[in-house]
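Engineer: Pasted the sequence and its predicted model underneath.
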Amino acid sequence: MGEDDAVAGCGPRSGGGTVPRLFDVTGDGAQRIVHGDVLDLTASLAREGLSGKIDLVYVDPPYASDRDYVAESRLDGPADGRVVRSPAYEDTWTSRTGGLGAYLDMLAPRLEALADLLGPKGTIWVHLDWRAAYLVRSLLDEVLGRDAFLNEIVWRRAPNLGRQATSGQFGRTLDTLVVYGKPEATLTPPTRKEPIEASSIRWDEQGRPFTSAPRGDYTDASIARLELEGRVHRTPSGRVYIKYFLVKDADEVWCRERRVDALWTDVPPLRHAAASERTGYPTQKPRALLERIITCATPPGGLVVDAFAGSGTTAVAAHALGRRAMVCDRSPVAIATARARLLRDGAGVKIERADGAIEAPETEVTVTTSEQRDGKMRVDLVEPKEPMAWSVGTLEGNVFTSAWHAERGLGGKALRAQRDAVVEARDAQAVRVWGDDGSVTTRPIGGVVR
């Protein structure tokens, strides 16, 4: 099962399009999170004049798996397996709730609203598995037209091991990315290095290593052009081969660079990623997968939208690649996870809350303060002892602006968030604490809000 970062409690929902209310800013706010439904995000972006200006929409919705998912956050301390388990999202579509028809009724208007955001070169990528990918292609044919179809990419997300390998059928180890685009859309597939056996390497007159392949369906005109480039190899019998010059990889092995095709077997599953990447959010996707999508589908500085943000993989990848991301999710657990993850990577974050959001719980917060020299104040977090993240900053109405923040560090051994902050006294108006269960609690300095 592989759906990443899906919406919590997602089901048939009327309305949408409410105005998000800004309530959290850290840094420059370049990466934007809407705590709400897809329709809240699309309506907000339309009001801001961004319809027709988005370069990439990535959609990783529920898969109609008839399962509910739980996030697991590892706590610091000895390796005793201590975790916090919190409901992340529901993906249950039974006959009582309308079944697959209700699932498609939920998805169709959201896909249509997202497609309206695309610029003339924009693409929409919908990430699913065997349960609904074929049906979503039909939806997108209606929304964008069959001529808008660009690719169906198959990602091998897991090896064929264990129970699925002995299930009496071919292992279901694949996810599908359905890609549609506007009329001017083009993709730039990356290359990957494939090692070449030493016995297959030849050297030309200039001392360049190459391997070769039959001319295949190259036309005579193409052969003439390649010959001018020095890329044609002719055997003594007159047979024509195409040269492919080699490059070395990081291990100094000679490799041929090949364009990636629609079968992606070289992006390993999350279980093989570094421990510092794994958040414990269910169905999280590897960052390498989203970096490939963003790189081949957007220009530098481009605009990226993720309609079911979950653990925030898309926003993290966009930040690393110099793109701006606008993501949304209804789940408070997803919002807390994405925010902490972005802050760990040094991204500025702006969070808005819409009426379509699932209400975030609150928890008891206790802090102590002491005046320091040079007009500064020290703030110590007493409770909770193990927050996912917390901030000290200013509070104006419902807008909290962070002047200092700390998050739990991930890895083989989780690192507790720093619990003491020293800030300018004028900036120490309030603290905001985020929990693993999605709780968001704000306490003005000198008073408690619960």
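Structural biologist: Arrived safely, thanks for sending. Numbers count the residues shown, from 1 in each chain.
Engineer: Quickly list what V423 is bridged to.
Structural biologist: M377 (DSSP bridges).
Engineer: for it, what are its contacts?
Structural biologist: Contact partners of V423, counting by C-beta atoms under 8 Å, 6 or more residues apart in numbering, are 376-377, 379, 392, 403-404. All C-beta atoms are positioned from the backbone trio N, CA, C, and that covers glycine.
Engineer: can you do 6 Å?
Structural biologist: 392, 403-404 (C-beta atoms under 6 Å, 6 or more residues apart in numbering).
Engineer: now S212
Structural biologist: By C-beta under 6 Å, 6+ apart, the contact set of S212 is 233, 241, 243.
Engineer: burial of the second one, as a residue count?
Structural biologist: Which is Y241. 18 (other C-beta atoms under 10 Å).
Engineer: before we move on, what about the first one?
Structural biologist: The burial metric for H233, expressed as a neighbour count using other C-beta under 10 Å, is 19.
Engineer: does it have beta-bridge partners, and which?
Structural biologist: Beta bridges link H233 to Y241, judged by DSSP bridges.
Engineer: centre of the chain versus stretch 272-290, how much separation?
Structural biologist: 9 Å (C-alpha atoms, centre = their mean, to the nearest Å).
Engineer: so for it, what's the average pLDDT?
Structural biologist: Averaging pLDDT along stretch 272-290 yields 92.
Engineer: By pLDDT, rank the contacts of S212 and give me the bottom one.
Structural biologist: Across the set of the contacts of S212, H233 stands lowest in pLDDT, at 90.
Engineer: How much space separates that residue from G302?
Structural biologist: 40 Å (C-beta to C-beta, to the nearest Å).
Engineer: now swap in G438 and tell me
Structural biologist: For G438, the distance to G302 (C-beta to C-beta) stands at 30 Å.
Engineer: In terms of neighbours, single out the busier of those two.
Structural biologist: Between G438 and G302, counted using other C-beta under 10 Å, the more crowded position is G438 (24 against 21).
Engineer: quick one: the more buried one and I358 touch, right?
Structural biologist: No: using C-beta atoms under 6 Å as the test, G438 is too far from I358 to be in contact (8.1 Å).
Engineer: Find residues that contact each of those two.
Structural biologist: Common contacts of G438 and I358 (C-beta under 6 Å, 6+ apart): P332.
Engineer: Top of the contacts of V423 by number of neighbours, please.
Structural biologist: V392 (26 neighbours).
Engineer: Identify the residues contacting that residue.
Structural biologist: V392 neighbours (C-beta under 6 Å, 6+ apart): 379, 403-404, 421, 423, 428, 431.
Engineer: List the ones among those residues that fall in strands.
Structural biologist: 379, 403-404, 421, 423, 431 (DSSP state E).
Engineer: Tabulate these in CSV, adding columns for pLDDT and distance to G27.
Structural biologist: CSV is the format used below for these (pLDDT from 0 to 100; distance: C-beta to C-beta, whole Å):
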residue, pLDDT, distance to G27
V379, 96, 19
A403, 96, 10
W404, 96, 11
A421, 96, 16
V423, 95, 15
V431, 96, 17
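Engineer: From those, pick the one nearest G207.
Structural biologist: Of all these, G207 sits closest to W404, with 58.2 Å by C-beta to C-beta.
Engineer: how close does the closest one get to R378?
Structural biologist: 11 Å.
Engineer: Could you do L187 as well?
Structural biologist: Taken as C-beta to C-beta, the span from L187 to R378 is 52 Å.
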